[in-house]
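Novice: I would like the atomic coordinates for the input below:
(one chain, ligands or ions: 1)
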Amino acid sequence: MPEYLITKNKKQVNRMSTSSDKNYTPATAIPEHLIRHTTLRQFQVFESIYRLGSFTRAAEALFLTQPTVSMQIKKLSDAVGLPLFEHVGRNVEPTEAGNELYAACREMFETLARLEMKISDMKGLKSGRLRMGVVTTAKYLAPEMLGAFSQDYPGIKLELKVTNRDEIIQRMHSNEDDLYIMGQAPENELEMDVFRFAPNPLVVLAPRDHPLVGRKNISLEDIAKEPFIIREPGSGIRDTTFKSFDEKGLRPNIRMELGSNEAIKHAIAGGLGLTITSLHVLALDGADGPVAILDVVDFPILRNWYIVYPKSKELSLVAKTFLEFALNYEHVVRDIMLKMWPKLDAIFAQEKKSQITILK
Ligand code: PGA
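Specialist: Residues are numbered from 1 along each chain as shown. The predicted structure is shown next:
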């Protein structure tokens, strides 16, 4: 008996219909031509180019060379019998056939992804895949969490995409991941399930030898006079930074814009200015390194990390298990933060531990 067949007794057998059965279901329409002349990989390449708007970006995203991507699209166009993209200036735009094919690809991939999830759920937690999308600053906590999770579930494959808030929201729209970690749930966009799971305090950082280090109750007016380093547009921390200055009718004195928390940390250590960022950024260096935390009025800003996913999304067993794991992980994050900056103890004491679901 081959391994792909299991044995059941006659009563248990759930018979497949045949044409002689009363409940015979006729075969569904089979797209013979496409089955013979196309591959799922070609559809994947096409979907990426369409979504990312460029052959180069699709090649990067799929770890393929550009000639391979072009060849796959040529074969797919030949099979369809119509061009799928056209050049408009320096951009590629989908043709009408391209738009139709994209809609079909989305349906086909969503159906196959649902199938993959159901099959994986049938296998339990011994295998399966967890795809996480996290905002840039959550890279200081997500890998450790995934590491702890994979000790409990070593058979589960993990994929982690780290990018800024705006891109995470785009990924949500195109349903690219199972769960997301964000500093704030997206507003007025999709209906979301939102679970608070760990603290994310924002602090003001300065070089260790800065004259404000050690001063008590510094005002935000004083911070606004100093050269300031800010994250790139699309960053959640950038938005919160501007909001805190705005609330006091102030503007930061921006000297530099950088797309990486690590680069900002080095720029601060190099004396280029101050910044507002998450305490997690100091996770490996600690609060006594070359970058110091300033004692600024109304700081730290007590933000939290949230696990977020669109309400319409059906979570896989693996994703549900990770969500539960994350909600129990809070004390680990709190302990790390307290070790780094014991002053937080009093602030945490006032906080109420709760899980919230925001309905929009
Ligand atoms: P960011 O988001 O890394 O995109 O700035 C972090 C946050 O919103 O706290």
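
Novice: my guess is K139 contacts N164, does it?
Specialist: No: counting by CB atoms under 8 Å, K139 stays clear of N164, with 11.1 Å between them. Backbone N, C-alpha and C define where each C-beta goes, glycine included.

Novice: got any residues that touch both of the two?
Specialist: Shared contacts of K139 and N164, defined by CB atoms under 8 Å, 6 or more residues apart in numbering, are absent.

Novice: check contacts around S48.
Specialist: Residues in contact with S48, defined by CB under 8 Å, 6+ apart, are 57-58, 61-62.

Novice: Surely T240 and L302 touch.
Specialist: No: contact criterion CB under 8 Å: T240 and L302 do not qualify, at 11.4 Å.

Novice: Looking at the two now, which is surrounded by more residues?
Specialist: When T240 and L302 are compared on other CB atoms under 10 Å, the one with more neighbours turns out to be T240, at 18 against 14.

Novice: Am I right that that one is in a helix?
Specialist: Yes: T240 forms part of a helix when assessed by DSSP: H, G, I helix; E, B strand; the rest coil.

Novice: Could you check how far it is from the ligand?
Specialist: Relative to the ligand, T240 is positioned 7 Å away (CB to the nearest ligand atom, to the nearest Å).

Novice: what's near enough to touch that residue?
Specialist: If a contact means CB under 8 Å, 6+ apart, then T240 has 183-184, 202, 276, 301, 303 as its contacts.

Novice: Next, give me the two most distant ones among those residues.
Specialist: Of all pairs drawn from the contacts of T240, the greatest distance, 14.7 Å, lies between Q184 and I276 (CB to CB).

Novice: remind me which residues of the stretch 151-300 of the chain are low pLDDT?
Specialist: 189 (pLDDT under 70).

Novice: re the thing from before, higher neighbour count, Q184 and I276?
Specialist: Neighbour totals were compared for Q184 and I276, and I276 leads with 27 against 17 (other CB under 10 Å).

Novice: Just give the nearest non-adjacent residue to the more buried one, would you?
Specialist: Nearest residue to I276, sequence neighbours excluded (CB to CB, 6 or more residues apart in numbering): T241, at 4.6 Å.

Novice: If we go by neighbour counts, what in stretch 277-286 is buried?
Specialist: Neighbour counts over stretch 277-286 (16 or more other CB atoms under 10 Å) mark 277-283 as buried.
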